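Would you be able to build a 3D model of this:
(one chain, ligands or ions: 1)
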Amino acid sequence: MRVLILGGAGFLGNNLVRRCLAESASEVTVLDSLAPLSHSTKDSLNAVWSDINFVLGDIRDEELMAEVVREKDIIFCCAAQTSHSLSMLHPIEDAEINSLGSLQVLEAIRLNNKKAMVIYSSSSTVIGKAEQSIVDEDHPERPLDIYSAHKGVAEKYFRIYHRSHDLNTVVLRFGNLYGPYGKGYSQFGFVNYFIHLAQTDQPIEIFGTGEQTRSVMYVEDAVDIMWRAAHEPRLIGETYFAGGTEHATVREIAEAVVSVFERGSVTYSTWPDDRRRIEIGPVSLSSSRLRSIIDWEPSHDIRSGLVRTRAVMEEASRQREVR
Ligand SMILES: NC(=O)c1ccc[n+]([C@@H]2O[C@H](COP(=O)([O-])OP(=O)(O)OC[C@H]3O[C@@H](n4cnc5c(N)ncnc54)[C@H](O)[C@@H]3O)[C@@H](O)[C@H]2O)c1
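Sure thing, here's the model as predicted:
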């Protein structure tokens, strides 16, 4: 099984690389531009370096993409500009990567490897503010930030390339993912940022009361459904929310982080204007479309996901010290 992971040096990519290697994929190729805005480096892949082919490159590079997609059985598309707030500051770059870059990937696959299974990781924020208590795929899409708008556009490309060109595309929409190899920066996923603050014994500052619910999922569960989707032809051609049934408030998540990491504290402040404007409000996602086709449930609740995050990170840091 030859696997290509676009954006494999990122948070989700790092976890996907390890899962593919654990599944004895015969060849794992990682392509990543190590985009400065993403804070990704090769270092996170040090422990698996000798087991992968690493290509430093950009998904917008037509020639490189034509070469790299050839003879792969599975292509995971995780390369993206992934910060909501940075997309508002760099909207053109976001469009170039998240919209045009996705199109470049699809064109390369159409012209060079139509048989590959192609899994695209999208975001639940393509819908914008939830207008129903439970959100499914029929919910209208009114994104509130540029990143979410471009993720929504890219989703449509993956669907169109299935319908018009018979590509084997599956789109999975995730809520907030957290876990090992996450980014400790406020512009990226908030749970990973909370974890970073707790680990470094800093206060976790919550805007407002923190009573808004979020769909959060441990990253190895996201990787699990991506791997399963890559082997499940019945999912081809559609878009699915992929998450668990557990929904927690931001306050509950922050308190769980402090409790599991045994450091940090929780504080409250008023919303900064730029954050309030792109805040999506309470969200409860339904993955019933996905579950009507395959039997899948995330295997971690918030507490067990955080406990596992701490264990994996501590083990990774022990390994680094040994090396
Ligand atoms: N982390 C989450 O909570 C979450 C939630 C929903 C969807 N997603 C999606 O999952 C995917 C991975 O997200 P992540 O959290 O790992 O983000 P990340 O920022 O950690 O990883 C993205 C990777 O893409 C790389 N990249 C950026 N532009 C590139 C380009 N032009 N060419 C090649 N590589 C490029 C970056 O260097 C980075 O390593 C993204 O598509 C994101 O939209 C993530």
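
Name the residues of the helix or strand encompassing residue 160 that are buried.
Per DSSP states H and E, residue 160 falls inside helix 146-165. For helix 146-165, burial by neighbour count (16 or more other C-beta atoms under 10 Å) applies to 146-155, 157-159, 161-162. Every residue, glycine included, has its C-beta placed from N, CA and C.

out of those residues, which touch the ligand?
residue 151 (C-beta under 6 Å from any ligand atom).

can you tell me which two in the buried residues of helix 146-165 are farthest apart?
Distance extremes for the buried residues of helix 146-165: the farthest pair is 146 and 162 at 25.5 Å, using C-beta to C-beta.

This protein against the ligand: which residues are in contact?
7, 9-13, 32-35, 38, 40, 58-60, 78-82, 97, 101, 121, 123, 151, 174, 176-177, 183, 189.

which residues touch residue 260?
303, 306-307, 309-310 (C-beta atoms under 8 Å, 6 or more residues apart in numbering).

ok, those vs the ligand, which is closest?
Lowest distance from the ligand to the contacts of residue 260 (C-beta to the nearest ligand atom) belongs to residue 309, with 13.2 Å.

I'd assumed that closest one was in a helix, is it?
Yes: per DSSP: H, G, I helix; E, B strand; the rest coil, residue 309 lies within a helix segment.

burial of it, as a residue count?
Residue 309 is flanked by 26 other residues according to other C-beta atoms under 10 Å.

For it, which non-adjacent residue is spatially closest?
In space, residue 309 comes closest to residue 179 once its chain neighbours are excluded; the distance is 5.0 Å by C-beta to C-beta, 6 or more residues apart in numbering.

Go ahead and confirm the one you found touches residue 308.
Yes: the pair residue 179 / residue 308 is scored as a contact, 7.5 Å apart, by C-beta atoms under 8 Å.

Give me the common contacts of the two.
With C-beta under 8 Å, 6+ apart as the test, residue 179 and residue 308 both reach 218, 220.

With neighbour numbers in mind, choose between the two.
More crowded of residue 179 and residue 308, by other C-beta under 10 Å: residue 179, with 27 against 18.

so what's the more buried one up against?
Counted by C-beta under 8 Å, 6+ apart, residue 179 has contacts 11, 15, 192, 218-220, 305, 308-309, 312.

Which residue lies closest in space to residue 252, excluding its sequence neighbours?
residue 302 (7.7 Å).

Then residue 182?
Nearest to residue 182 is residue 192, by C-beta to C-beta, 6+ apart, at 3.0 Å.

List phi and psi for that neighbour.
Main-chain torsions, residue 192, degrees, to the nearest 10: phi -60, psi -30.

What pLDDT does the model give it?
For residue 192, the model assigns a pLDDT of 97.

can you tell me how far it sits from residue 66?
34 Å (C-beta to C-beta, to the nearest Å).

Compare the two (neighbour count), which wins?
Remark: of residue 192 and residue 66, residue 192 carries more neighbours, 23 against 16, as counted by other C-beta under 10 Å.

residues contacting that one?
Counted by C-beta under 8 Å, 6+ apart, residue 192 has contacts 11, 178-179, 182-184.
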